[in-house]
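Enquirer: fold the stuff below for me.
(one chain, ligands or ions: 1)
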Amino acid sequence: MSGEVRFTALPVGPAPGSGFASPYAGAGESDAPAAGRGLPPVTVLARGLRKAYPGVEAVRGVDLTVRAGETFGLLGPNGAGKSTTIAMLCTLARPTTGRASVAGADVTTDPGAVRRRIGLVFQDLTVDGDLTAAENLRFHADLYGLPRRTARRRVADMLALVGLHDRRDSLVRTFSGGMKRRLEIARGLLHAPQVLFLDEPTLGLDPQTRAQLWEHLHYVRTQRSVTLFLTTHYLEEAEHCDRIAVIDGGRIVTEGSPADLKAAIGADRVAVRTADDTAALSALRERFGLRAHAAPEGLLLHVPDGASFVPRLCAGLGVPVLSVAVTRPSLDDVFLRCTGRTIHDADGVR
Ligand SMILES: Nc1ncnc2c1ncn2[C@@H]1O[C@H](COP(=O)(O)OP(=O)(O)OP(=O)(O)O)[C@@H](O)[C@H]1O
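Expert: Numbers count the residues shown, from 1 in each chain. Predicted coordinates for the structure are as follows:
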């Protein structure tokens, strides 16, 4: 890590009186003004987090600040470094350099405390198909050493929370993909963690099941005081988050609420299909001074006022226009603005 940072464990809740003391006081980051505004304490903090594997620098100096109760998303294409980042925060991978603190404990010097205070839903399903839903949770409760009566109550509570109480005694191999994910979430919450990490929680689920799972996650968030930290490469999933950090090539390229990030684009998204895209690309450049990007939905460009631009485009392009769509900017436009390619393109170039 460049520069010496004074690193002390974060308080697990607001410190008495002042609310929260920054563990990075020496790094020029003070949380005092935030505490003064009554913001919740920081629950995930990373500075200069880096992970190098032989021949690959998977994560290249990531800084993150996530507050208690937030739903925070790390959005990026395949291979961007999302899983590696979450693995370091969950103590499953040791940072090459940099520091991180989760729920008040340092991931490198106090990994046991981090593990007790977090829940984790892995990218690949890990529930046991040959056990019932309740047996899966009881097994996990034993691993965490929960007293028997507490475990019984928590198992019932968590199954109800994710809408699986009626199926508590069914073998998990009879569950749909969405039900298995919900059971994983219940398991991740069983020991009342402060932070629930979810690595690509809806990967491989159909859009309807994804939407249902998000209803459950929103419900979980309102019922339990838990911070949700997830990774995703689905743009619509990132829209569910209070804040996102966009990661590409192991670096955070931008960060903010989905609404703020889209508003910062300050332009409408115009997707135009033409009879000759090559000629249209040069006409857009030469006649309109605009750079367009070839995407599956046509040539993509951004202009301040799409509605008034379209008639001028059709009249002046000099190439037959087959269709044109004007929409508000999406998170894909944010990704395009920051990286020069759409997340769809980026997913294709592993
Ligand atoms: N154990 C490892 N050994 C070597 N390289 C690795 C290892 N784990 C990850 N990488 C590499 O690090 C880079 C980032 O991988 P990572 O899995 O963190 O990305 P990701 O954003 O989570 O992508 P995906 O969504 O596909 O899992 C990739 O180039 C990957 O091949």
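
Enquirer: what's the first-to-last distance across stretch 118-135?
Expert: Taking C-alpha to C-alpha, to the nearest Å, stretch 118-135 runs 21 Å from one end to the other.

Enquirer: what parts of the stretch 151-300 of the chain come near the ligand?
Expert: H233 (C-beta under 6 Å from any ligand atom). From N, CA and C alone the C-beta is placed, and that goes for glycine too.

Enquirer: strands of the stretch 151-300 of the chain, start to end?
Expert: Ranges of strands in the stretch 151-300 of the chain, per DSSP state E, counting those that start in this stretch, are 195-199, 227-232, 243-248, 251-256, 268-274, 293-295, 298-303.

Enquirer: strand partners of the second one, parallel vs antiparallel please.
Expert: The partner list of strand 227-232 in its sheet, established with DSSP bridges, is strand 71-75 (parallel), strand 195-199 (parallel).

Enquirer: go through those and pick out the most buried.
Expert: strand 71-75 (a mean of 25; mean count of other C-beta atoms under 10 Å).

Enquirer: got the CA coordinates for that one in CSV?
Expert: The C-alpha trace of strand 71-75 is given here as CSV (Å, rounded to 0.1, in the frame of the first residue of the first chain):
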residue,chain,number,x,y,z
THR,A,71,-27.5,-2.3,-0.5
PHE,A,72,-24.2,-1.9,-2.3
GLY,A,73,-23.4,-3.4,-5.7
LEU,A,74,-20.1,-4.0,-7.5
LEU,A,75,-21.1,-4.0,-11.1
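
Enquirer: mind starting the numbering at 22 from now?
Expert: All right, first residue 22 from here; so that's strand 92-96.

Enquirer: could you chop the protein up by domain?
Expert: Domain assignment for the chain by the TED database gives 63-283, 288-349.

Enquirer: now the strands paired with strand 248-253 in CSV, with mean pLDDT?
Expert: Formatted as CSV, the strands paired with strand 248-253 follow (pLDDT from 0 to 100):
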stretch, mean pLDDT
strand 92-96, 96
strand 216-220, 95
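
Enquirer: show me the contacts for D84.
Expert: Contacts for D84 (C-beta atoms under 8 Å, 6 or more residues apart in numbering) come out as A67, R68, G69, L70, I273.

Enquirer: ok, now how distant is the residue lying closest to A79 once chain neighbours are set aside from V193?
Expert: Distances taken as C-beta to C-beta, 6 or more residues apart in numbering place T105 nearest to A79, at 4.2 Å, with adjacent residues excluded. Per C-beta to C-beta, to the nearest Å, T105 is found 29 Å from V193.

Enquirer: pLDDT weak spots in the stretch 272-371 of the chain?
Expert: 369-371 (pLDDT under 70).

Enquirer: which other helices and strands contact the helix or strand harbouring L158?
Expert: Using DSSP states H and E, the element containing L158 is helix 154-164. Secondary-structure packing of helix 154-164 (3 or more C-beta pairs under 8 Å, 6 or more residues apart in numbering; DSSP states H and E): helix 169-182, helix 198-210.

Enquirer: sorry, back to before: who has more neighbours out of T105 and V193?
Expert: Comparing T105 with V193 by neighbour count (other C-beta atoms under 10 Å), the higher total belongs to T105, at 26 against 20.

Enquirer: would you mind measuring from G94 to the ligand?
Expert: 12 Å (C-beta to the nearest ligand atom, to the nearest Å).

Enquirer: didn't that residue look like it was pressed against E258?
Expert: Yes. Contact status for G94 versus E258: in contact at 7.1 Å, counting by C-beta atoms under 8 Å.

Enquirer: give me the common contacts of these two.
Expert: L251.

Enquirer: please identify the buried residues of the top helix by length along the chain?
Expert: Secondary structure of the chain per DSSP state H: the longest helix is helix 228-244. The neighbour-count check on helix 228-244 (16 or more other C-beta atoms under 10 Å) flags T230, R231, Q233, L234, W235, H237, L238, V241, R242 as buried.

Enquirer: residues in contact with the third one?
Expert: Think Q233. Here Q233 is in contact with G199 (criterion: C-beta under 8 Å, 6+ apart).

Enquirer: okay, the strands paired with strand 248-253 in CSV with distance to M179 next?
Expert: Formatted as CSV, the strands paired with strand 248-253 follow (distance: least, C-beta to C-beta, whole Å):
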stretch, distance to M179
strand 92-96, 19
strand 216-220, 12
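
Enquirer: from memory V331 sits against F309, does it?
Expert: No. If you go by C-beta under 8 Å, V331 and F309 don't touch, sitting 11.9 Å apart.

Enquirer: which residue does the stretch 222-371 of the chain bring closest to the ligand?
Expert: H254 (5.7 Å; C-beta to the nearest ligand atom).

Enquirer: got the contact list for that residue?
Expert: L96, G97, P98, N99, A101, K103, E221, I364, D368 are the contacts of H254 under C-beta under 8 Å, 6+ apart.

Enquirer: now do 6 Å
Expert: P98 (C-beta atoms under 6 Å, 6 or more residues apart in numbering).

Enquirer: what's the closest non-adjacent residue to the spatially most central residue of the chain?
Expert: Residue closest to the average C-alpha location in the chain (C-alpha atoms, centre = their mean): G94, at 2.0 Å. Spatial nearest neighbour of G94, chain neighbours left out: C262 (3.7 Å); criterion: C-beta to C-beta, 6+ apart.

Enquirer: fine, thanks again, bye for now.
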